[in-house]
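1. Provide a 3D model corresponding to the input given below.
(chains A, B, C and D)
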There are 2 protein chains.
Amino acid sequence: MTSSRPFKHAVDLLTQSGLRPTRQRVGLARLLFEAGDRHVTAEQLHAEAMADNLKVSLATIYNTLHQLTAAGLLREVVVDPSRSYFDTNNTLHHHFFHEGLGWLVDVPGSKVVVEALLQPPPGTRVTRVDVIIRLADAPEGEPEVGAGGNRRLE
Amino acid sequence: MTSSRPFKHAVDLLTQSGLRPTRQRVGLARLLFEAGDRHVTAEQLHAEAMADNLKVSLATIYNTLHQLTAAGLLREVVVDPSRSYFDTNNTLHHHFFHEGLGWLVDVPGSKVVVEALLQPPPGTRVTRVDVIIRLADAPEGEPEVGAGGNRRLE
DNA sequence: GTGATTGCAAATCTTTTGCACTAAA
DNA sequence: TTTAGTGCAAAAGATTTGCAATCAC
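-> Here you go, the predicted structure:
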(Lines give C-alpha, C1' and ligand atoms only; values in the text may rest on other atoms or scores of the structure.)
Protein backbone atom coordinates (compact mmCIF):
# COMPACT_ATOMS: atom_id res chain seq x y z
CA MET A 1 0.00 0.00 0.00
CA THR A 2 1.36 3.36 -1.03
CA SER A 3 1.29 5.60 1.96
CA SER A 4 0.39 9.07 0.92
CA ARG A 5 2.70 10.58 3.47
CA PRO A 6 5.99 9.65 5.03
CA PHE A 7 5.17 8.29 8.45
CA LYS A 8 5.46 10.77 11.24
CA HIS A 9 4.75 10.37 14.88
CA ALA A 10 1.18 11.38 15.50
CA VAL A 11 2.34 13.98 17.99
CA ASP A 12 4.55 15.64 15.40
CA LEU A 13 1.82 15.65 12.81
CA LEU A 14 -0.43 17.49 15.20
CA THR A 15 2.18 19.86 16.52
CA GLN A 16 3.31 20.82 13.05
CA SER A 17 -0.29 21.59 12.19
CA GLY A 18 -0.62 23.85 15.19
CA LEU A 19 -2.85 21.43 17.07
CA ARG A 20 -2.19 20.64 20.67
CA PRO A 21 -1.45 16.92 20.92
CA THR A 22 -4.12 15.96 23.37
CA ARG A 23 -4.80 12.37 24.29
CA GLN A 24 -7.85 12.28 22.03
CA ARG A 25 -6.22 13.88 19.02
CA VAL A 26 -3.12 11.73 19.29
CA GLY A 27 -5.24 8.61 19.52
CA LEU A 28 -7.34 9.58 16.54
CA ALA A 29 -4.30 10.57 14.48
CA ARG A 30 -2.82 7.15 15.15
CA LEU A 31 -5.96 5.39 14.07
CA LEU A 32 -6.13 7.50 10.97
CA PHE A 33 -2.56 7.65 9.80
CA GLU A 34 -0.81 4.55 11.00
CA ALA A 35 -2.76 2.15 8.82
CA GLY A 36 -2.09 3.48 5.32
CA ASP A 37 -4.72 5.09 3.16
CA ARG A 38 -8.20 4.93 4.57
CA HIS A 39 -11.67 6.37 4.28
CA VAL A 40 -13.69 6.83 7.41
CA THR A 41 -16.93 8.37 8.53
CA ALA A 42 -17.17 10.10 11.89
CA GLU A 43 -19.28 7.27 13.20
CA GLN A 44 -16.82 4.64 12.05
CA LEU A 45 -13.87 6.42 13.60
CA HIS A 46 -15.77 6.80 16.81
CA ALA A 47 -16.54 3.09 16.93
CA GLU A 48 -12.90 2.32 16.23
CA ALA A 49 -11.75 4.63 18.98
CA MET A 50 -14.08 2.96 21.44
CA ALA A 51 -12.87 -0.47 20.37
CA ASP A 52 -9.35 0.77 20.89
CA ASN A 53 -10.15 1.93 24.39
CA LEU A 54 -9.81 5.54 23.40
CA LYS A 55 -12.50 7.48 25.11
CA VAL A 56 -13.58 10.30 22.80
CA SER A 57 -16.89 11.98 22.30
CA LEU A 58 -18.48 12.17 18.89
CA ALA A 59 -18.27 15.95 19.09
CA THR A 60 -14.52 15.72 19.41
CA ILE A 61 -14.36 13.28 16.52
CA TYR A 62 -16.08 15.85 14.34
CA ASN A 63 -13.92 18.65 15.63
CA THR A 64 -10.77 16.70 15.01
CA LEU A 65 -11.76 15.50 11.55
CA HIS A 66 -12.44 19.07 10.52
CA GLN A 67 -9.27 20.39 12.09
CA LEU A 68 -7.21 17.76 10.31
CA THR A 69 -9.00 18.57 7.09
CA ALA A 70 -8.29 22.27 7.52
CA ALA A 71 -4.67 21.38 8.18
CA GLY A 72 -4.50 19.51 4.92
CA LEU A 73 -3.96 16.11 6.50
CA LEU A 74 -7.39 14.82 5.53
CA ARG A 75 -9.68 15.40 2.63
CA GLU A 76 -13.43 15.24 2.72
CA VAL A 77 -14.92 13.08 -0.01
CA VAL A 78 -18.45 13.87 -1.07
CA VAL A 79 -20.10 10.84 -2.60
CA ASP A 80 -23.02 10.03 -0.37
CA PRO A 81 -25.63 12.65 0.44
CA SER A 82 -26.22 11.20 3.88
CA ARG A 83 -22.76 11.19 5.39
CA SER A 84 -19.23 12.50 4.97
CA TYR A 85 -16.18 10.40 4.34
CA PHE A 86 -12.71 11.56 5.27
CA ASP A 87 -9.76 10.34 3.26
CA THR A 88 -6.25 10.06 4.64
CA ASN A 89 -4.75 10.04 1.17
CA ASN A 90 -3.91 13.61 0.31
CA THR A 91 -2.20 12.94 -2.98
CA LEU A 92 -3.93 13.65 -6.28
CA HIS A 93 -6.39 10.86 -6.81
CA HIS A 94 -9.97 9.92 -7.52
CA HIS A 95 -12.41 7.30 -6.28
CA PHE A 96 -14.39 4.23 -6.97
CA PHE A 97 -17.53 4.30 -4.86
CA HIS A 98 -19.78 1.32 -4.40
CA GLU A 99 -23.20 2.80 -3.82
CA GLY A 100 -24.79 -0.26 -2.34
CA LEU A 101 -22.01 -1.20 0.03
CA GLY A 102 -20.79 2.28 0.81
CA TRP A 103 -17.11 1.62 0.29
CA LEU A 104 -14.55 3.87 -1.31
CA VAL A 105 -11.39 2.81 -3.10
CA ASP A 106 -8.71 5.19 -4.27
CA VAL A 107 -7.90 5.54 -7.92
CA PRO A 108 -4.42 7.03 -8.39
CA GLY A 109 -4.45 10.29 -10.25
CA SER A 110 -2.08 8.74 -12.78
CA LYS A 111 -4.77 6.25 -13.77
CA VAL A 112 -7.31 8.83 -14.77
CA VAL A 113 -6.96 11.48 -17.40
CA VAL A 114 -9.54 14.21 -17.48
CA GLU A 115 -9.56 16.57 -20.38
CA ALA A 116 -11.96 19.47 -20.18
CA LEU A 117 -12.51 21.30 -23.43
CA LEU A 118 -13.79 24.46 -21.83
CA GLN A 119 -12.91 27.22 -19.44
CA PRO A 120 -14.34 27.72 -15.97
CA PRO A 121 -16.99 30.46 -15.81
CA PRO A 122 -15.68 34.04 -15.73
CA GLY A 123 -14.49 35.17 -12.35
CA THR A 124 -13.88 31.66 -11.08
CA ARG A 125 -10.95 29.33 -10.82
CA VAL A 126 -10.81 25.58 -10.52
CA THR A 127 -9.95 24.41 -7.04
CA ARG A 128 -10.22 20.69 -7.64
CA VAL A 129 -11.61 18.12 -10.00
CA ASP A 130 -13.26 15.09 -8.48
CA VAL A 131 -13.89 12.00 -10.52
CA ILE A 132 -16.20 9.51 -8.89
CA ILE A 133 -16.62 6.19 -10.60
CA ARG A 134 -19.82 4.77 -9.18
CA LEU A 135 -20.10 1.02 -8.95
CA ALA A 136 -22.70 -1.65 -8.40
CA ASP A 137 -22.38 -5.38 -8.20
CA ALA A 138 -21.74 -6.96 -11.56
CA PRO A 139 -24.38 -9.35 -12.89
CA GLU A 140 -23.89 -13.09 -12.33
CA GLY A 141 -21.66 -14.18 -15.17
CA GLU A 142 -19.88 -10.88 -15.56
CA PRO A 143 -18.06 -10.56 -18.84
CA GLU A 144 -14.46 -10.08 -17.77
CA VAL A 145 -12.52 -7.74 -19.95
CA GLY A 146 -8.80 -8.14 -20.41
CA ALA A 147 -7.16 -7.03 -17.20
CA GLY A 148 -5.42 -3.72 -17.27
CA GLY A 149 -7.17 -2.64 -20.41
CA ASN A 150 -7.94 1.00 -20.85
CA ARG A 151 -11.43 2.13 -20.54
CA ARG A 152 -12.94 5.19 -22.09
CA LEU A 153 -15.56 6.64 -19.84
CA GLU A 154 -17.78 9.61 -20.39
CA MET B 1 -47.71 31.21 -17.37
CA THR B 2 -51.18 29.85 -18.10
CA SER B 3 -50.19 28.16 -21.31
CA SER B 4 -51.99 24.90 -21.77
CA ARG B 5 -49.30 23.11 -23.74
CA PRO B 6 -46.79 22.92 -20.92
CA PHE B 7 -49.54 21.77 -18.61
CA LYS B 8 -50.35 18.91 -20.91
CA HIS B 9 -46.69 18.17 -21.22
CA ALA B 10 -46.27 17.88 -17.46
CA VAL B 11 -49.29 15.63 -17.23
CA ASP B 12 -47.93 13.40 -19.94
CA LEU B 13 -44.53 13.25 -18.34
CA LEU B 14 -46.10 12.06 -15.14
CA THR B 15 -48.56 9.68 -16.74
CA GLN B 16 -45.89 8.11 -18.87
CA SER B 17 -43.86 7.55 -15.75
CA GLY B 18 -46.74 5.83 -14.05
CA LEU B 19 -47.33 8.71 -11.67
CA ARG B 20 -50.81 10.00 -11.08
CA PRO B 21 -50.91 13.61 -12.25
CA THR B 22 -52.05 15.22 -9.06
CA ARG B 23 -52.25 18.97 -8.61
CA GLN B 24 -49.01 18.96 -6.63
CA ARG B 25 -47.04 16.77 -8.99
CA VAL B 26 -48.19 18.63 -12.05
CA GLY B 27 -47.29 21.95 -10.47
CA LEU B 28 -43.86 20.73 -9.47
CA ALA B 29 -43.23 19.14 -12.85
CA ARG B 30 -44.02 22.44 -14.52
CA LEU B 31 -41.66 24.34 -12.25
CA LEU B 32 -38.97 21.78 -12.89
CA PHE B 33 -39.28 21.14 -16.58
CA GLU B 34 -40.66 24.28 -18.17
CA ALA B 35 -37.60 26.38 -17.58
CA GLY B 36 -34.86 24.39 -19.25
CA ASP B 37 -32.05 22.72 -17.36
CA ARG B 38 -32.05 23.46 -13.67
CA HIS B 39 -30.62 22.33 -10.38
CA VAL B 40 -32.78 22.59 -7.31
CA THR B 41 -32.75 21.57 -3.70
CA ALA B 42 -35.93 20.43 -1.99
CA GLU B 43 -36.02 23.63 0.00
CA GLN B 44 -35.61 25.79 -3.09
CA LEU B 45 -38.35 24.00 -4.97
CA HIS B 46 -40.62 24.32 -1.99
CA ALA B 47 -40.03 28.05 -1.80
CA GLU B 48 -40.67 28.35 -5.52
CA ALA B 49 -43.88 26.41 -5.26
CA MET B 50 -45.09 28.66 -2.46
CA ALA B 51 -44.17 31.74 -4.47
CA ASP B 52 -46.13 30.28 -7.37
CA ASN B 53 -49.18 29.76 -5.21
CA LEU B 54 -48.79 26.02 -5.32
CA LYS B 55 -49.57 24.62 -1.92
CA VAL B 56 -47.33 21.61 -1.34
CA SER B 57 -45.81 20.19 1.77
CA LEU B 58 -42.10 19.61 2.04
CA ALA B 59 -42.77 15.91 2.47
CA THR B 60 -44.48 15.85 -0.90
CA ILE B 61 -41.60 17.77 -2.42
CA TYR B 62 -39.23 15.06 -1.27
CA ASN B 63 -41.55 12.30 -2.38
CA THR B 64 -41.95 13.84 -5.80
CA LEU B 65 -38.27 14.54 -6.30
CA HIS B 66 -37.46 10.94 -5.50
CA GLN B 67 -40.23 9.58 -7.67
CA LEU B 68 -39.11 11.68 -10.61
CA THR B 69 -35.56 10.55 -9.99
CA ALA B 70 -36.64 6.91 -9.93
CA ALA B 71 -38.52 7.52 -13.15
CA GLY B 72 -35.37 8.84 -14.77
CA LEU B 73 -36.65 12.37 -15.21
CA LEU B 74 -34.34 13.83 -12.60
CA ARG B 75 -30.87 13.02 -11.45
CA GLU B 76 -29.51 13.55 -7.98
CA VAL B 77 -26.20 15.38 -7.91
CA VAL B 78 -23.98 14.80 -4.92
CA VAL B 79 -21.63 17.70 -4.44
CA ASP B 80 -22.47 19.11 -1.05
CA PRO B 81 -22.50 16.97 2.05
CA SER B 82 -25.26 18.99 3.61
CA ARG B 83 -27.96 18.88 0.96
CA SER B 84 -29.04 17.17 -2.24
CA TYR B 85 -29.41 18.82 -5.60
CA PHE B 86 -31.72 17.49 -8.29
CA ASP B 87 -30.86 18.07 -11.91
CA THR B 88 -33.44 18.25 -14.68
CA ASN B 89 -30.83 17.54 -17.32
CA ASN B 90 -30.78 13.81 -17.83
CA THR B 91 -28.34 13.75 -20.72
CA LEU B 92 -24.75 12.68 -20.21
CA HIS B 93 -22.99 15.58 -18.58
CA HIS B 94 -20.88 16.74 -15.68
CA HIS B 95 -20.77 19.77 -13.39
CA PHE B 96 -19.05 22.87 -12.31
CA PHE B 97 -19.81 23.47 -8.65
CA HIS B 98 -19.07 26.71 -6.89
CA GLU B 99 -18.44 25.71 -3.29
CA GLY B 100 -18.87 29.13 -1.77
CA LEU B 101 -21.99 30.14 -3.62
CA GLY B 102 -23.55 26.72 -3.90
CA TRP B 103 -24.41 26.89 -7.58
CA LEU B 104 -24.14 24.16 -10.16
CA VAL B 105 -23.60 24.57 -13.89
CA ASP B 106 -23.81 21.78 -16.41
CA VAL B 107 -20.80 20.76 -18.42
CA PRO B 108 -21.85 18.88 -21.55
CA GLY B 109 -20.51 15.35 -21.69
CA SER B 110 -18.91 16.20 -25.01
CA LYS B 111 -16.71 18.77 -23.31
CA VAL B 112 -15.10 16.35 -20.91
CA VAL B 113 -13.13 13.28 -21.76
CA VAL B 114 -12.37 10.87 -18.97
CA GLU B 115 -9.95 8.08 -19.64
CA ALA B 116 -9.54 5.53 -16.88
CA LEU B 117 -6.52 3.29 -17.27
CA LEU B 118 -7.86 0.59 -15.02
CA GLN B 119 -10.69 -1.83 -14.52
CA PRO B 120 -13.36 -1.62 -11.88
CA PRO B 121 -12.79 -4.00 -8.93
CA PRO B 122 -13.75 -7.63 -9.54
CA GLY B 123 -17.43 -8.33 -9.22
CA THR B 124 -18.44 -4.76 -9.87
CA ARG B 125 -19.55 -2.75 -12.86
CA VAL B 126 -19.48 0.97 -13.48
CA THR B 127 -22.88 2.59 -13.18
CA ARG B 128 -21.82 6.16 -13.76
CA VAL B 129 -18.86 8.46 -13.76
CA ASP B 130 -19.28 11.85 -12.18
CA VAL B 131 -16.85 14.63 -12.83
CA ILE B 132 -17.19 17.57 -10.51
CA ILE B 133 -15.10 20.61 -11.27
CA ARG B 134 -15.04 22.56 -8.04
CA LEU B 135 -14.73 26.30 -8.28
CA ALA B 136 -13.96 29.29 -6.13
CA ASP B 137 -13.87 32.97 -6.95
CA ALA B 138 -10.86 33.89 -9.01
CA PRO B 139 -8.38 36.32 -7.44
CA GLU B 140 -8.69 40.02 -8.33
CA GLY B 141 -6.70 40.33 -11.50
CA GLU B 142 -7.29 36.83 -12.74
CA PRO B 143 -4.99 35.80 -15.56
CA GLU B 144 -7.39 35.26 -18.45
CA VAL B 145 -6.46 32.37 -20.67
CA GLY B 146 -7.42 32.37 -24.33
CA ALA B 147 -11.11 31.63 -24.56
CA GLY B 148 -12.09 28.18 -25.65
CA GLY B 149 -8.69 26.74 -24.93
CA ASN B 150 -8.46 23.18 -23.81
CA ARG B 151 -7.55 22.44 -20.34
CA ARG B 152 -5.90 19.35 -19.03
CA LEU B 153 -7.11 18.54 -15.59
CA GLU B 154 -6.12 15.74 -13.33
C1' DG C 1 -2.61 29.74 36.17
C1' DT C 2 -4.70 30.51 31.58
C1' DG C 3 -6.08 29.46 27.42
C1' DA C 4 -7.10 25.56 24.51
C1' DT C 5 -9.76 21.33 24.42
C1' DT C 6 -13.24 18.18 25.72
C1' DG C 7 -17.73 16.15 26.79
C1' DC C 8 -22.31 16.30 27.27
C1' DA C 9 -26.68 17.51 26.14
C1' DA C 10 -29.44 20.39 23.63
C1' DA C 11 -30.10 22.44 19.27
C1' DT C 12 -30.05 22.45 14.08
C1' DC C 13 -30.83 20.88 9.69
C1' DT C 14 -32.10 17.85 6.19
C1' DT C 15 -34.73 14.04 5.13
C1' DT C 16 -37.98 10.23 6.33
C1' DT C 17 -42.03 8.14 8.37
C1' DG C 18 -46.69 7.05 10.40
C1' DC C 19 -51.15 7.78 9.77
C1' DA C 20 -55.59 10.05 9.17
C1' DC C 21 -57.46 12.64 5.44
C1' DT C 22 -58.24 13.80 0.48
C1' DA C 23 -58.50 13.22 -4.22
C1' DA C 24 -57.81 10.71 -8.71
C1' DA C 25 -59.66 7.01 -11.49
C1' DT D 1 -65.66 3.01 -4.39
C1' DT D 2 -60.88 1.92 -4.26
C1' DT D 3 -56.40 3.12 -3.89
C1' DA D 4 -52.82 6.31 -4.56
C1' DG D 5 -51.29 10.55 -2.88
C1' DT D 6 -50.95 14.33 0.53
C1' DG D 7 -50.08 16.93 4.81
C1' DC D 8 -48.78 17.27 9.28
C1' DA D 9 -46.27 16.45 13.01
C1' DA D 10 -43.16 13.47 15.02
C1' DA D 11 -38.96 10.83 14.28
C1' DA D 12 -34.55 9.90 12.62
C1' DG D 13 -29.76 10.81 11.43
C1' DA D 14 -25.82 13.53 10.93
C1' DT D 15 -23.59 17.39 12.48
C1' DT D 16 -23.03 21.66 15.39
C1' DT D 17 -23.08 24.43 19.40
C1' DG D 18 -23.02 26.34 24.27
C1' DC D 19 -20.81 26.03 28.24
C1' DA D 20 -18.80 24.16 32.42
C1' DA D 21 -15.22 20.93 33.56
C1' DT D 22 -10.57 19.42 32.33
C1' DC D 23 -6.07 19.21 30.37
C1' DA D 24 -1.65 20.88 28.10
C1' DC D 25 1.89 24.02 28.49
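
2. only C-alpha atoms for contact and neighbour calcs from this point on.
-> Noted.

3. Could you show which parts of chain A are in contact with DNA strand C?
-> Where chain A comes near DNA strand C, counting by C-alpha under 7 Å from any atom of the strand, the residues are A:19-20, A:22-25, A:55-60, A:63-64, A:81-82.

4. Top of the residues you listed by number of neighbours, please.
-> A:Arg25 (23 neighbours; other C-alpha atoms under 10 Å in any protein chain shown).

5. so who does it touch?
-> Counting by C-alpha atoms under 8 Å, 6 or more residues apart in numbering or on different chains, A:Arg25 touches A:Leu14, A:Thr64.

6. before we move on, what SS does it have?
-> For A:Arg25, the reduced secondary structure class is helix; criterion used: DSSP: H, G, I helix; E, B strand; the rest coil.

7. Pretty sure A:Ile61 sits against A:Thr41.
-> No: counting by C-alpha atoms under 8 Å, A:Ile61 stays clear of A:Thr41, with 9.7 Å between them.

8. Which residue or residues pair with A:Ile133 through a beta bridge?
-> Per DSSP bridges, the residues bridged to A:Ile133 are A:Phe96, B:Val129.

9. Local confidence estimate at A:His9?
-> With respect to pLDDT, A:His9 has a value of 87.

10. again, but for A:Pro139
-> If you check A:Pro139, the pLDDT there is 80.

11. Tell me the one of the residues of chain A next to DNA strand C nearest B:Pro108?
-> Out of those, the one with the shortest distance to B:Pro108 is A:Pro81. That distance is 23.2 Å, counting by C-alpha to C-alpha.

12. Contact partners for that closest one?
-> B:Val78, B:Asp80, B:Pro81, B:Ser82, B:Arg83, B:Ser84.

13. Which pLDDT value belongs to it?
-> Model confidence at A:Pro81, given as pLDDT, is 90.

14. hmm, back to that, of the contacts of A:Pro81, which belong to strands?
-> Of the positions in those, B:Val78, B:Asp80, B:Arg83, B:Ser84 sit in strands, assigned by DSSP state E.

15. out of the residues you listed, what pair is the most spread apart?
-> For the ones in strands among the contacts of A:Pro81, with distances taken as C-alpha to C-alpha, the pair at the greatest spread is B:Val78 and B:Arg83 (8.2 Å).

16. Tell me which of the two has more neighbours.
-> Neighbours were counted for B:Val78 and for B:Arg83 using other C-alpha under 10 Å; B:Val78 has more, 18 against 13.

17. Great, nothing more from me.
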